[in-house]
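>>> What follows is a predicted structure for the sequence shown.
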Amino acid sequence: MSSPSSQPQSALSPAATPPALTEVETHGVERIPDADRTATPLDLFRVAFGGANTFSTCVLGAFPILFGLSFWQGLAATLLGVVAGALILCPMAVFGPVNGTNNAVSSSAHLGVHGRVVGSFLSLLTAIAFFSISVWSSGDALVGGAHRLFGLPRGDVTYGVAYALFAGLVLAVCVYGFRFMLFVNKIAVLSATLLFLVGAVAFAGDFDPSYAGVFTDSADAATQDLFWPSFIGAALIVLSNPVSFGAFLGDWSRYIPADTPLRKVIGAAFLSQLATLLPFVFGLATASIIATKAPDYVDPATPDFVGGLLAISPGWFFLPVCLLALIGGMSTGTTSLYGTGLDFSSVFPRLSRVRATVLVGVLSIAFIFVGRFGFNLVQSISTFATMIITCTTPWMVVMILGFYTRRGWYDPDALQVFNRRQRGGRYWFAHGWNWRGMTAWWVSAVIGVLFTNIPGQFVGPLGDLANGIDISLPLSLAVSAVLFLTLLRVFPEPRAVYGPEGARLARTVDVAVPPVSGPGAGGEELSAVVAAGRG
């Protein structure tokens, strides 16, 4: 199925003026018309960085100290987690410009028309986990700061009002859509960065980079044996932050014109995660101060980073803490919630993007309140987030390797078969499932969970086989890559799913492509097939 013209539509029609901020976004997961793609790689940077330049990232940055590492050891673990996570994440930005839709829909090409629901499910879990972390940490900081500033009482009612305030504001922004979210994150990038720099001044006098942690020369042998498990566990929790954006990057990059050089898109995604070293190191440094001046707040059994931060803060920094909480809660919450509402409008076609966003938002808010006041899940949410990432990373590997083997060639019309409730097309495979990609994903995800070892939080059945070191992520990465490429060689895909240049690192077989059938299949004209061999 080839296009009448190989030129991208953006070269044939003038670009439209970006819609007003207060105009509710109407686009769902259908391919964004080229004339409406007015975003830039810089916009992608702003959204991705703004969504992580928050208190919730500071909380994750405190985990190396909670695991007993020294400041310098914690910094090494943080650098490892951020850089490795950014390298895994950044290729996921290419699918948006190439296909003009989100990453879950793009995954139809590698997991099948029905297999794309895996991406939708993973994005839902990721959104709930990181939306919860955002609301809880920001709400606690706002209430704590207001208590120290104005004597506001701290109780379940006060915290409930704060959580409801954040969640409601986030939901409102997500309902308006991408442009409003981009506006919020433009403000968040600058203002939160400035406030973190102000915070560096506030704590400079108390900060001591020689903080030693528990793994000192005088530590007993049992403690020393926990060093590498603690180091790797801390790095994996840090890594969970950049990888958590994998399912969402296409939500934002789909508004970037198709003819934008992909190296710029990939570079924007990579640099956005390197920039998160600012909140990560802020969390690490302040956690080391808390461990020295108020150690009860970094007790691994009952950690309370926000409470500890307020306990060691000078009085004049309470207001910046409240501002950071407000700005950070908005930016992280919107980036988590927006994409999931967008995607569920395709999983449940009777729901518009706005209705799906409201539904997912209400469910997430319910989880926040039940988890905070009903089951006290706040302390275990980091474990939940890490487990989600363990399952998401193999899915990302299948997507990235699939992009490489296909030479960046996709049929955007065939990607929309599921959303139109049709059948057939290039990506139908076996009854809508590409068992090659599906097998590589679930086998690797199960292996990752089995080998997970997060000290004091979760140890899988095979988690102790590497002397307590968590090898879940590198193992699942390797297994998913090797297994997927092996399956593509041994059980070749149809020649029709590859572009005119053929396959790379894979074999093909000539089989007939089932015709598209279902609503509107007879009268719709197929859209252009977009090739992404650009650099």
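Structure received.

>>> Count the neighbours of Asp304 for me.
Burial measure for Asp304: 20 neighbouring residues, criterion other C-beta atoms under 10 Å. All C-beta spots, glycine's among them, are computed from the backbone N, C-alpha and C.

>>> Could you check how far it is from Arg148?
Look at Asp304 and Arg148: by C-beta to C-beta, to the nearest Å, they are 15 Å apart.

>>> Check Phe403 too.
Here Phe403 is placed at a distance of 50 Å from Arg148 (C-beta to C-beta).

>>> can you tell me which residues contact Trp252?
The contact partners of Trp252, taken as C-beta atoms under 8 Å, 6 or more residues apart in numbering, are Ala39, Asp43, Leu44, Val47, Ala48, Gly96, Phe178, Leu182.

>>> what packs against the top helix by length along the chain?
With DSSP state H setting the assignment, residue counts place helix 117-150 as the longest helix in the chain. Using 3 or more C-beta pairs under 8 Å, 6 or more residues apart in numbering; DSSP states H and E, the elements in contact with helix 117-150 are helix 55-61, helix 103-106, helix 156-176, helix 305-312, helix 318-347, helix 353-369, helix 381-405.

>>> Show me which positions of the fifth one end up buried.
Read that as helix 318-347. By neighbour count, and taking 16 or more other C-beta atoms under 10 Å as the criterion, the buried residues in helix 318-347 are 318, 320-347.

>>> Also the fourth one?
Using 16+ other C-beta under 10 Å as the burial criterion, the residues of helix 305-312 that qualify are Phe305, Val306, Gly307, Gly308, Leu309, Leu310, Ala311, Ile312.

>>> Turn these into TSV, including pLDDT.
Written out in TSV, the entries for those read as follows (pLDDT from 0 to 100):
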residue	pLDDT
Phe305	85
Val306	82
Gly307	85
Gly308	90
Leu309	90
Leu310	87
Ala311	89
Ile312	92
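
>>> CSV please, covering the residues you listed and showing distance to Gln273.
Supplementary listing: the buried residues of helix 305-312 in CSV, determined by distance: C-beta to C-beta, whole Å:
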residue, distance to Gln273
Phe305, 21
Val306, 23
Gly307, 28
Gly308, 26
Leu309, 23
Leu310, 28
Ala311, 30
Ile312, 28
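
>>> quick one: which of these is nearest Val118?
Relative to Val118, the closest of those is Phe305; by C-beta to C-beta it sits at 33.0 Å.

>>> any idea how far Thr223 lies from Ala212?
Distance check for Thr223 against Ala212: by C-beta to C-beta, it reads 12 Å.

>>> how many degrees apart are the one helix or strand Arg263 maps to and helix 381-405 in direction?
Using DSSP states H and E, Arg263 sits within helix 262-274. Orientation note: helix 262-274 sits at an angle of 170 degrees relative to helix 381-405 (axes from the mean of the first three to the mean of the last three C-alpha atoms, to 10 degrees).

>>> Kindly provide the whole-number mean pLDDT of helix 262-274.
Regarding helix 262-274, the rounded mean pLDDT is 97.

>>> swap in stretch 283-291?
96.

>>> Quick check, pLDDT for the closest residue to His147 other than its chain neighbours.
The shortest distance from His147 to any residue that is not its chain neighbour, by C-beta to C-beta, 6 or more residues apart in numbering, is 5.2 Å, and that residue is Arg154. As predicted, Arg154 sits at a pLDDT of 86.

>>> Next, count neighbours for Arg154.
Applying other C-beta under 10 Å, we find 13 residues neighbouring Arg154.

>>> Give me the three-state assignment for it.
The local conformation at Arg154, judged by DSSP: H, G, I helix; E, B strand; the rest coil, is coil.

>>> hmm, what's the outermost residue in this structure?
When each C-alpha in the chain is compared with the mean C-alpha position (C-alpha atoms, centre = their mean), Ser218 comes out farthest, at 39.9 Å.

>>> Roughly how far does that residue sit from Gln224?
10 Å.

>>> what's the span of stretch 489-507, first residue to last?
With C-alpha to C-alpha, to the nearest Å applied, stretch 489-507 spans 5 Å between its terminal residues.

>>> Going by neighbour count, which residues of it are buried?
When burial is assessed from 16+ other C-beta under 10 Å, stretch 489-507 yields the following buried residues: Pro492, Glu493, Pro494, Ala496, Val497, Tyr498, Gly499, Ala503, Ala506.

>>> and of the residues you listed, the nearest to Ala141?
Ranking the buried residues of stretch 489-507 by separation from Ala141, with C-beta to C-beta as the measure, puts Val497 on top at 48.6 Å.

>>> I figured Thr390 hits Ile471, correct?
No - if you go by C-beta atoms under 8 Å, Thr390 and Ile471 don't touch, sitting 11.4 Å apart.

>>> higher neighbour count, these two?
Relative neighbour count places Thr390 above the other of Thr390 and Ile471, with 27 against 19, counting by other C-beta under 10 Å.

>>> need the contact list for the closest residue to Pro314 other than its chain neighbours.
Once flanking residues are discounted, Pro314 sits nearest to Ala202: 5.6 Å by C-beta to C-beta, 6+ apart. Applying C-beta under 8 Å, 6+ apart, one finds that Ala202 lies in contact with Ser313, Pro314, Trp316, Phe317, Pro320.

>>> How many residues are close by the fourth one?
Okay, so that is Phe317. Neighbour count of Phe317, defined by other C-beta under 10 Å: 21.

>>> from what I can see it touches Ala200, true?
No - at 10.8 Å, Phe317 and Ala200 do not qualify as touching, with contact defined as C-beta under 8 Å.

>>> Flag the shaky bits of the stretch 201-350 of the chain, pLDDT-wise.
Counting by pLDDT under 70, the stretch 201-350 of the chain has low-confidence residues at 339, 342, 345-346, 349.

>>> now do 90
For the stretch 201-350 of the chain, residues meeting the criterion pLDDT under 90 lie at 217-226, 229-230, 232-233, 236-237, 240-241, 244-252, 296-307, 310-311, 315, 317-350.
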